[in-house]
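In: Starting from these lines, generate the structure:
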Amino acid sequence: MAGKRLIVKVAGVGLLAGLIGGGVSYGVGNAIVTHQQNEATKVPSGSNKSGGTKINKNEDTKSNQSTEAYNAVKGAVVSVINKQTSSSDDNDILSMFGADSDSSSSNSSSLQTASEGSGVIYKKSGNTAYIVTNNHVVSGASALQVIMSNGKKVQAELVGTDATTDLAVLKISSANVTTVAKFGNSNSIKAGQDVLAIGSPMGSEYANTVTKGIISAPKRTISASSSNSGTNTTVIQTDAAINAGNSGGPLVNMAGQVIGINSMKLASDNQGTSVEGMGFSIPSNEVVRVINQLVANGKITRPSLGIEMLDLSNVDGDDQQNVLKLPKSITKGVVVMKTQSGSAADQAGIQKYDVITKINNKKVNDGGDLKTQLYKYKVGDTIKLTLYRQGKQQTVSVKLTQAASADSSSSSDNQ
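Out: Numbers count the residues shown, from 1 in each chain. Alright, predicted model coming up:
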């Protein structure tokens with residue numbers, strides 16, 4: 001294969017074009033919105049001269065399942081404030097309006113609200129309470145604050161984050177914690193089931209807002225990427241309104257249990273066509289698995305093959321046959337572009353231009369699939385890869401090693 005190079009096609013953006021996180025961001029240049037008082041509505045002359053219309057004082061005392069579910073968890077829902085150090089440009093603007101931008105002032109006085117999101121208190125242990133939110137809500141924070149359901153503002157400390165699942169754990173003093181949310185089983189949810197989304201849409205001014213919808217799809221696979229991740233993520237799809245600021249808030253079933261953490265919504269497709277009612281939540285079973293590791297270790301340890309890879313679909317069709325020697329029936333998989341010295345793949349004898357099509361007999365259509373399948377296993381596990389080398393199918397056993405803390409920069413994806 002010496003001297004032969006693959007012609008790589010440009011891949012489309014796809015679903016990612018319209019996926020947005022639910023955090024609300026702020027800047028010095030934000031417009032100031034004023035709310036004008038409307039004049040009192042007047043009753044037209046002669047419309048109620050006799051005064052015969054009265055308020056019915058018999059209250060609706062029937063149990064409302066949605067209200068009960070909301071009341072069960074609302075005390076555990078908080079607003080998460082991301083504080084960041086203001087830039088020199090921000091300080092210059094503040095000075096124009098008489099604000100003190102003295103660099104000798106304390107660090108806390110130079111911090112400004114960069115964004116707001118939501119979170120939910122899920123654990124209370126002694127003097128400490130733990131909050132789960134989204135990684136993108138706390139990303140880049142110099143300091144974090146939490147506004148409790150009663151409006152009290154407290155300082156929060158970051159326990160750990162995971163960009164791959166977009167989850168983060170914070171801890172606060174338990175002194176003001178009165179309610180702790182309970183997790184339900186996301187594996188048992190069904191399409192059409194009623195759910196509530198609770199959080200702070202558009203920021204803490206609208207804290208503890210509740211919207212109602214249904215589960216549109218219990219398990220929806222979408223592409224989600226960040227600087228550290230490019231996986232096909234399985235999420236709960238709902239039509240309950242998820243707006244900017246809802247990120248990190250809970251998706252709640254009618255038993256008042258958290259079955260998901262709201263993370264993003266689809267605002268438009270790749271052609272810019274607007275869509276409504278397509279929100280996504282991280283399933284509670286996945287949330288619990290991740291946050292337990294974050295509390296225990298402060299990070300998530302994942303296995304790695306130690307390869308740089310390329311989706312087979314991005315390789316020119318002629319090269320799939322002429323360079324990779326693939327049968328025409330093989331159109332999905334990942335191409336190994338490089339193995340890292342001493343890595344799991346290197347030790348297993350995996351070579352450049354091997355095409356991986358299965359992990360433990362589960363199909364691998366692309367790099368996202370490979371990572372999704374791989375992350376189901378632990379460091380030290382042995383898996384079987386089905387691959388094609390020079391057109392011949394092989395099965396290779398690989399003992400997984402620990403992934404590097406950060407991906408190196410490359411035109412190919414890393415795993």
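In: What helices and strands are in contact with the top strand by length along the chain?
Out: The single longest strand within the chain, with elements called by DSSP state E, is strand 209-226. In terms of contacts (3 or more C-beta pairs under 8 Å, 6 or more residues apart in numbering; DSSP states H and E), strand 209-226 is packed against helix 65-73, strand 194-199, strand 229-238, strand 279-283. All C-beta atoms are positioned from the backbone trio N, CA, C, and that covers glycine.
In: Which positions in the first one come out as buried?
Out: Spelled out, that is helix 65-73. In terms of neighbour count (16 or more other C-beta atoms under 10 Å), helix 65-73 has its buried residues at 69-70, 72-73.
In: now stretch 209-221
Out: 209-213, 215-216, 218, 220.
In: what does it contact?
Out: Stretch 209-221 is contacted by residues 66, 70, 74, 186, 189-201, 232-242, 277-280, 283 when judged by C-beta atoms under 8 Å, 6 or more residues apart in numbering.
In: where in the stretch 51-200 of the chain is pLDDT low?
Out: Within the stretch 51-200 of the chain, the segments meeting pLDDT under 70 span 51, 58-63, 87-109.
In: Tell me where it has helices.
Out: 65-73, 88-96, 107-110, 135-138 (DSSP state H, counting those that start in this stretch).
In: Check the stretch 251-400 of the chain too.
Out: 284-297, 317-322, 344-347, 367-374.
In: The second one packs against which elements?
Out: I take that to be helix 317-322. In terms of contacts (3+ C-beta pairs under 8 Å, 6+ apart), helix 317-322 is not packed against any helix or strand.
In: one step back: now the helices and strands packed on strand 209-226 as TSV including distance to Thr178?
Out: Converted to TSV, the helices and strands packed on strand 209-226 look like this (distance: least, C-beta to C-beta, whole Å):
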stretch	distance to Thr178
helix 65-73	12
strand 194-199	16
strand 229-238	27
strand 279-283	25
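In: Quick one, which of the helices of the stretch 251-400 of the chain gets closest to Asn176.
Out: Smallest distance to Asn176 across the helices of the stretch 251-400 of the chain (C-beta to C-beta): 20.1 Å, for helix 284-297.
In: May I see the buried residues of the closest one?
Out: 284-288, 290-291, 293-295.
In: and if you look at stretch 254-267?
Out: 254, 256-266.
In: I'd like the buried residues of helix 65-73 as a markdown table, with distance to Ile147 appended.
Out: Converted to a markdown table, these look like this (distance: C-beta to C-beta, whole Å):
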| residue | distance to Ile147 |
| --- | --- |
| Ala69 | 22 |
| Tyr70 | 18 |
| Ala72 | 20 |
| Val73 | 16 |
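In: closest to Gln84 among those?
Out: Comparing these against Gln84 with C-beta to C-beta places Val73 closest, at 29.4 Å.
In: if I pick the closest one, what's in contact with it?
Out: 120, 179, 181, 198, 250, 252, 256-258.
In: Could you tell me which of those are located in strands?
Out: If you go by DSSP E, the contacts of Val73 have 120, 198, 250, 252, 258 in strands.
In: Which strand residues bridge the third one?
Out: Beta-bridge partners for Pro250, by DSSP bridges, are Ile261.
In: For the ones in strands among the contacts of Val73, pick the one with the most neighbours.
Out: Among the ones in strands among the contacts of Val73, Pro250 has the most neighbours (other C-beta atoms under 10 Å), with 32 neighbours.
In: sorry, back to before: what pairs with the longest strand of the chain, parallel or antiparallel?
Out: strand 194-199 (antiparallel), strand 229-238 (antiparallel).
In: Mean neighbour count, those strands: which tops it?
Out: Comparing these by mean neighbour count (mean count of other C-beta atoms under 10 Å), strand 194-199 ranks first with a mean of 25.
In: Provide the contact partners of that one at residue level.
Out: 22, 65-66, 69-70, 73-74, 77, 117-118, 120, 207-215, 238, 240-242, 245-254, 259, 262, 279, 281.
In: try it again with 7 Å
Out: Applying C-beta atoms under 7 Å, 6 or more residues apart in numbering, the contact partners of strand 194-199 are 66, 69-70, 73-74, 77, 118, 208-215, 238, 240-242, 245-246, 249-254, 262.
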